[in-house]
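In: I would like to see how this sequence folds:
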Amino acid sequence: MANKVPAMFDLTGRVAVLTGGAGLLGRQYTRTLLEAGAKVVVADVQLEHAASAAAAAVAEAGGEAFGWGLDVRKKADVDKMAAAVKDRFGRIDILINNAAIDPKFDTAVAAQQSYTFEEYPLQLWQQSLDVNLTGAFLCSQAVGKVMVAQKRGAIVNICSTYGVVAPDQRLYQRAGEAEQTLFKPAPYAVTKAGIAHLTRYLAAYWGGCGIRVNTLTPGGVSNSQDDEFVTKYSARTPLGRMADKSEMNGAMLFLVSDASSYMTGANLVVDGGWTAW
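Out: Take a look at the predicted model:
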């Protein structure tokens, strides 16, 4: 008999590692995982932020979560984390590669930097590659070893609509600023596109090992952006608004649970229709 609907989403007894866990959506994912019964390792580059996010989620949802200071760019640190989680819980069932450098649009900061694409610093390009793409690679390697040994696991890589289509730079232009001075930088879009293909590669590579690998692509999430940006973004989206920070939770739970047991190598886009036109 097929599982009843609630049972499909039940994560009781499962162990999840979430990178970028102290961020806006990371905190949402932690609470959702706890509510579904998982134990959660909230990893972030600053231990105090990770620990605070874990404590706040437990206070809201109950369950068990703890923070881990993790620099996803460093293989030794990632390997140490995976080994410690395996030693503590005996398994790792879920990995969410959420850590990323995402340059938030700020008119004052952008105007001071005044970068065009032609002048964009190599150092900033490399930083995004190291965190957004290499970090997901290293975490998938380390946690994947545990999952291969236990013949079960679910990995979710966080993409972006800008990994599916190019950024609409008109959202970032402001009156009085030079054309192409204020813009969404190239490395964010490029690394997110790489994340989507890393998903497809790993899904095919681990297909016979009981490991499912999928991508979640959020659209723009409301997070105190200026009124002009919100207005422009909303007009560009069929649903006519930005997402609330809670609106990715159902999709995330679906991808890490048995509700998506026959789904791998896919990209679940939750963008209010942004990429539909």
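In: and the contacts of the strand or helix carrying A43?
Out: Counting by DSSP states H and E, the element that carries A43 is strand 39-44. Contacting residues not belonging to strand 39-44 are listed as 14-23, 26, 30, 33-34, 50-51, 53-54, 57, 63-70, 72, 81, 85, 89, 99 [Cβ atoms under 8 Å, 6 or more residues apart in numbering]. C-beta: built from backbone N, CA, C; applies to glycine.
In: what's the answer for stretch 118-137, then?
Out: The set of residues external to stretch 118-137 that reach it, using Cβ under 8 Å, 6+ apart, is 19, 72-73, 78, 97, 99-101, 115, 157, 185-188, 190-192, 194-195, 198.
In: can you list the low-confidence ranges for this protein?
Out: In the predicted model of the chain, residues 1-3, 5, 104-114, 176-182 satisfy pLDDT under 70.
In: surely Y188 is in a helix?
Out: Yes: secondary structure assignment places Y188 in a helix (DSSP: H, G, I helix; E, B strand; the rest coil).
In: wait, it sits on T161?
Out: No: because the distance of 11.1 Å does not satisfy Cβ atoms under 8 Å, Y188 is recorded as not touching T161.
In: ok, which stretches of the chain are helices?
Out: Counting by DSSP state H, residue ranges of the helices within the chain are 5-8, 24-35, 47-61, 75-89, 107-113, 122-128, 135-150, 186-205, 227-235, 249-256.
In: deepest-packed of these, please.
Out: Mean neighbour counts were compared across the helices of the chain using mean count of other Cβ atoms under 10 Å; the top stretch is helix 24-35, at a mean of 23.
In: need the helices of the chain in a markdown table with distance to W277, can you?
Out: Shown next, in a markdown table, are those (distance: least, Cβ to Cβ, whole Å):
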| stretch | distance to W277 |
| --- | --- |
| helix 5-8 | 32 |
| helix 24-35 | 24 |
| helix 47-61 | 36 |
| helix 75-89 | 39 |
| helix 107-113 | 27 |
| helix 122-128 | 28 |
| helix 135-150 | 29 |
| helix 186-205 | 19 |
| helix 227-235 | 12 |
| helix 249-256 | 21 |
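In: if anything else comes up later, I'll come back, but that's it for now.
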